[in-house]
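Student: Structure for the following, please:
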Amino acid sequence: MEEKKLAIIATKGSLDWAYPPFILASTAAALGYETQIFLTFYGLQLLRKKLALKVTPLGNPGMPMPMGMDKWFPVLLTALPGMEAMMTSMMKKKMASKGVASVEELRELCLEADVKLIACQMTVDLFEMDTAEFIDGVEYGGAATFFEFAGESDICLYI
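Tutor: Numbers count the residues shown, from 1 in each chain. Next up is the predicted model:
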C-alpha cells in the first residue's frame, strides 16, 4: 500500500495561525502520512529560531474575547496600544492552561517526525530574510518544488 501524502501551504505568521499547520502536520506524520509544509510570505516567520509571534483581535471577528468582550467591546478599540500584547499573553496562558504544546514544541515534533519544512526561496529573497535566523533542517524551494509534491498528495491544505 502506498503511503498517503499531505501538503500544507502556510502563509500566516501570527501566533493563532502558527498552530494549525504544525498540529495538522504532526498528526498526519503520526498517522503515517508523508508530510510537507511549504511556508511562504508571512508563514516564514514560523521558521525563526526565536519566535516573537503575536495575536491580534483586530480584523479577527471570530476570536472569542474574555468577559464576553466580543459582544460589547468596540472593534476599533482593539487597535489601542497594548491590546495586541494583552491578547497574545491571554492566548499563551489559555493554551498552557489547556495543556496545548507550544508552537516551538509542535515545530520540533514535526521535525522529529520527518515533516519537511520548505521555505519559499522567492519570498526569502523578496523580503531579504536572513536564513541564519531560521531553525536547522529547513529546505528551500519555489512553487515548482511545492507542486512536485502537492501534485501527488492525497490532501492539500492552504492555511
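Student: Which is the succeeding secondary structure element to the host helix or strand of Ser89?
Tutor: Assigned by DSSP states H and E, Ser89 belongs to helix 83-97. Going down the chain from helix 83-97, the next helix or strand is helix 103-112, by DSSP H and E.
Student: sorry, back to before: give the other helices and strands that the helix holding Ser89 contacts.
Tutor: Packed against helix 83-97 by the contact rule (3 or more Cβ pairs under 8 Å, 6 or more residues apart in numbering; DSSP states H and E) you find helix 15-30. Placement of C-beta: from N, CA and C, glycine included.
Student: quick one: low-confidence ranges for this protein?
Tutor: 1, 56-81 (pLDDT under 70).
Student: Of all residues in it, which one is nearest the centre?
Tutor: Ala18 (2.6 Å; Cα atoms, centre = their mean).
Student: Now do that residue against Ala28, distance only.
Tutor: Plainly put, Ala18 is 17 Å away from Ala28 if you go by Cβ to Cβ, to the nearest Å.
Student: Glu105 too?
Tutor: For Glu105, the distance to Ala28 - Cβ to Cβ - is 17 Å.
Student: Comparing those two, which shows the higher neighbour count?
Tutor: Counted by other Cβ atoms under 10 Å, Glu105 and Ala28 do not tie: Ala28 has more neighbours, with 22 against 12.
Student: show me the contacts for Arg107.
Tutor: Arg107 sits next to 22, 46, 117, 135 when contact means Cβ atoms under 8 Å, 6 or more residues apart in numbering.
Student: Which of those fall within helices?
Tutor: In helices, defined here by DSSP state H, the members of the contacts of Arg107 are Phe22.
Student: of the contacts of Arg107, closest to Gln36?
Tutor: Relative to Gln36, the closest of the contacts of Arg107 is Leu117; by Cβ to Cβ it sits at 7.8 Å.
Student: ok, how many other residues are close to that closest one?
Tutor: The number of residues near Leu117, taken as other Cβ under 10 Å, comes to 23.
Student: I figured it hits Leu39, correct?
Tutor: Yes. The pair Leu117 and Leu39 passes the contact test of Cβ atoms under 8 Å, sitting 6.5 Å apart.
Student: Alright, that wraps it up for me.
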